[in-house]
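Let's see this in three dimensions:
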Amino acid sequence: MKMLWRAMLGTELLPLPARRYAATKLDRGGPPDVELLTGLLGAEDSELRGAVTASLKTIGPATIPALIRRLTDQAAAIRANAAQILGEFGPAAQIAVPALVHRLTDRDTTVRTHVARAIGQIGSSTAQAVPALITCLTDNSREVAEVAAEALGRIGHPASEAVPQLIDCLGHVDRGLRKSAAEALGKVGPASQASVQLLIQRLFHSNPDLREAVARALGEIGPAAAVAVPALIQQLDDQHRAVRDAAMRALGKLGPTAKVAMPRIILCLRDKDWPVREAAADALASFGIDGKNAIPALMQAVLDDQGKVRLAIVKAFGEIGPPARYAIPLLVDRLDDKYESVRMAAGQSLRTLKPVAWEFIPDLIKQLAHPDNVKRKTAALALYEFADIAETAIPTLLNSMADSDDAVREAVARVLGRIGANSREVVVRMMECLVSENPKVRRVAAQTLGEIGKAASLAIPTLTLHLSDKDEGVRAVVVQSLGRIRHS
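Numbering: from 1, shown residues only. Model (predicted):
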């Protein structure tokens, strides 16, 4: 059959769908198939190229010699796509590095871009490519220069000789190149650390784009750039938002070594630009328990009108840990935030704070009877996170099974289900509730038993009787719960 597939793939007069199909059938081919496939890497039809590329990747590193030969193909598209596939093979394509380095001077911009990226993907074993990549930092193509900087970062410490040129790139007009150079400086090791003083000087350059890029570079270098903290603090007053943002994020990446900046960072929770406020919360979170002095300011800022800022603050409470216990009521409120990411982060921080949350359980139990349905729901959701220490809430939760609000009942079922996994009492009470006259109560009881799972096996006969419940909603929940109990 392979001869047929080869013939079909190589026949240009055949309809493209047939040739694409043939390409997929050669994904376990030998040398003849690889030569045929690599020769079609420049096919005009994108779907045919995709099928060819997929087959070559499936065949794997055995295609590397053929791909290396295709780096000198007359068609630029074939050269570019061959380089791309070699890069995706990673370190396994190390033998292709000399040929790839040679193509860094290819006349075609796309080829140079794919080649530089491939060298970076192959990784630290490509140190021989560093001089050529340094040259590419001044390529006429912005994209080639940017990808070359990324490649130098991927190579890491062996690319340390590129530090001076990478620092020069921090002043480039192109933002993408500045960003790639800053990130690369953080990855090439001690040579970058030795340049920290030079970078600090450039933090005060008249060009705001350069100041921003330098701040990012210092952040990428990390704790080894701790000496830059005072200069970064000064940049928090920069008139350009991007510079303030970069300086703040750099302080965050320096971690506890930058905690001397905490008073100034706290003030930035009120910055006029929300990305700076977000970065300030992230920075405070990076201090861990050492950020406890920021808790009052974080509590005041948790109602920020920007979701990303609220998200960062909610996460910060969890990172700071037990000293943030007085923020628990605020985290409970965030369980109803309009953004799911904030709600999930609030739940995570509450779980982190559970060991110090016991004193708030009575208030949450009282809140289950609050006139506001949102308050009742968030109380139940919080008790779900604190289920291990919330058994005293069971009587009130049972009463809440008949709550008038669907979302509250749903939350109550979840918390009873979590508590019930370790409580036979809850299982028995749910079985009793299945005979309630109120269909809402029966529905919640059935759902709770499903939430409990295997530990509710003794309820299977009772649940089975309700497969013929007169309420359609109850019947639907019973079917789901029986499935969950039997398969948990």
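
So Gly347 is in contact with Thr378, correct?
No. Taking contacts as Cβ atoms under 8 Å, Gly347 lies outside contact range of Thr378: 10.7 Å. For the C-beta atoms, the positions are set from N, CA and C on the backbone; glycine is no exception.

Of the two, which one has the most company?
Legend: neighbour count by other Cβ atoms under 10 Å for Gly347 and Thr378, higher for Thr378 (27 against 20).

what's the burial count for Asp108?
Asp108 sits with 15 neighbouring residues when counted by other Cβ under 10 Å.

quick one: low-confidence ranges for the stretch 101-250 of the chain?
Residues of the stretch 101-250 of the chain meeting the criterion pLDDT under 70: none.

Please list all residues in contact with Thr126.
Neighbouring residues of Thr126 by Cβ atoms under 8 Å, 6 or more residues apart in numbering: Gln94, Val97, Ile119, Gly120, Ala151, Ile155.

Quick one: residues contacting the second one.
With contacts taken as Cβ under 8 Å, 6+ apart, Val97 has the following neighbours: Ile119, Ile122, Ser125, Thr126, Gln128, Ala129.

ok, how many other residues are close to the fifth one?
I take that to be Gln128. 12.

what's the answer for Pro263, then?
12.

Please apply the same query to Ala445.
Ala445 has 30 neighbouring residues, counting by other Cβ under 10 Å.

what sits in contact with each of Gly347 and Thr378?
Here Gly347 and Thr378 share the contacting residues Leu335, scored by Cβ under 8 Å, 6+ apart.

Spell out for me which residue occupies the centre of this protein.
Centroid-nearest residue in the chain, with Cα atoms, centre = their mean: Ser341, separated by 11.8 Å.

Which strand or helix spans that one?
Applying DSSP states H and E as the criterion places Ser341 in helix 340-352.

For that helix, which helices and strands make contact with it?
For helix 340-352, the packing partners by 3 or more Cβ pairs under 8 Å, 6 or more residues apart in numbering; DSSP states H and E come out as helix 307-320, helix 328-333, helix 373-385.

ok so, going back, out of the contacts of Thr126, which are inside helices?
In helices, judged by DSSP state H, the following of the contacts of Thr126 are found: Val97, Ile119, Gly120, Ala151, Ile155.

If you rank those residues by neighbours, which is first?
Neighbour max across the ones in helices among the contacts of Thr126 (other Cβ under 10 Å) = Ile119, 32 neighbours.

coming back round to it: may I see the buried residues of the helix holding Ser341?
Residues of helix 340-352 classed as buried: Val342, Arg343, Ala345, Ala346, Gly347, Gln348, Ser349, Leu350, Thr352 (neighbour count, 16 or more other Cβ atoms under 10 Å).

Disregarding flanking residues, what is the spatial nearest neighbour of the fifth one?
Residue nearest to Gly347 in three dimensions, not counting chain neighbours: Glu385, with 5.5 Å by Cβ to Cβ, 6 or more residues apart in numbering.

Check what pLDDT that neighbour gets.
You'll see Glu385 listed with a pLDDT of 93.

Check Leu4 too.
Looking at Leu4, its pLDDT is 57.

Counting neighbours, what do you get for Thr392?
Residues contacting Thr392 under the criterion other Cβ under 10 Å number 11.

Quick check: it touching Ile365?
Yes. Taking contacts as Cβ under 8 Å, Thr392 lies within contact range of Ile365: 6.9 Å.

Under a three-state scheme, what state does the residue lying farthest from the centre of the chain occupy?
What lies farthest from the middle of the chain is Glu437; by Cα atoms, centre = their mean that is 47.5 Å. Following DSSP: H, G, I helix; E, B strand; the rest coil, the label given to Glu437 is coil.

Got the phi and psi for it?
Main-chain torsions, Glu437, degrees, to the nearest 10: phi -70, psi -20.

Distance-wise, check it relative to Arg107.
Distance of Glu437 to Arg107, computed by Cβ to Cβ, to the nearest Å: 83 Å.

Next: Leu463.
If you measure Leu463 against Arg107 using Cβ to Cβ, the figure is 73 Å.

Ile85 now?
Ile85 sits 21 Å away from Arg107, going by Cβ to Cβ.

ok, now His205?
Per Cβ to Cβ, His205 is found 36 Å from Arg107.

Look at these two and report which has more neighbours.
Taking other Cβ under 10 Å, His205 and Arg107 do not tie; His205 has more neighbours (14 against 7).

what's near enough to touch that one?
Contacts for His205 were tallied using Cβ under 8 Å, 6+ apart; they are Gly171, Arg211, Val214.

and the residues you listed as TSV, adding neighbour count and distance to Asn422?
Output for those, formatted as TSV (neighbours: other Cβ atoms under 10 Å; distance: Cβ to Cβ, whole Å):
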residue	neighbour count	distance to Asn422
Gly171	17	62
Arg211	24	56
Val214	33	55
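
what number of residues lie near the spatially closest residue to Ala215 that is not a sequence neighbour?
For Ala215, ignoring the flanking residues on the chain, the nearest one in space by Cβ to Cβ, 6+ apart is Ala246 at 3.8 Å. Neighbourhood size, Ala246 [other Cβ under 10 Å]: 30.

Which strand or helix spans Ala246?
Element membership of Ala246, judged by DSSP H and E, is helix 241-254.

Asn81: neighbour count?
Counted with other Cβ under 10 Å, the neighbours of Asn81 add up to 26.

and it, which of the three is it?
Here Asn81 is helix, with the state taken from three-state DSSP.

Kindly report the same for His370.
Of the three states, His370 takes coil according to three-state DSSP.

Now do the same contact list for it.
Contacts of His370 by Cβ under 8 Å, 6+ apart are Arg376, Ala379.

Arg414 versus that one, what's the distance?
From His370 to Arg414 the distance is 18 Å (Cβ to Cβ).

quick one on the thing from earlier: quick check, the residue nearest to Gly347 in contact with Lys354.
Yes. Using Cβ under 8 Å, Glu385 is in contact with Lys354, at 6.8 Å.

ok, these two, which is more surrounded?
For Glu385 versus Lys354, neighbours defined as other Cβ under 10 Å are more numerous around Glu385 (23 against 16).

how much space between that one and Leu467?
33 Å.

just checking, His240 touches Ser206?
No. Judged on Cβ under 8 Å, His240 makes no contact with Ser206 at a distance of 11.5 Å.

And the two? Which one has more around it.
Using other Cβ under 10 Å as the criterion, His240 and Ser206 rank with His240 on top: 14 against 6.

Burial check on the closest residue to that one other than its chain neighbours, number of neighbours?
Ranked by Cβ to Cβ, 6+ apart and with sequence neighbours excluded, the top spatial neighbour of His240 is Pro208, at 4.3 Å. For Pro208, the number of neighbouring residues by other Cβ under 10 Å comes to 15.
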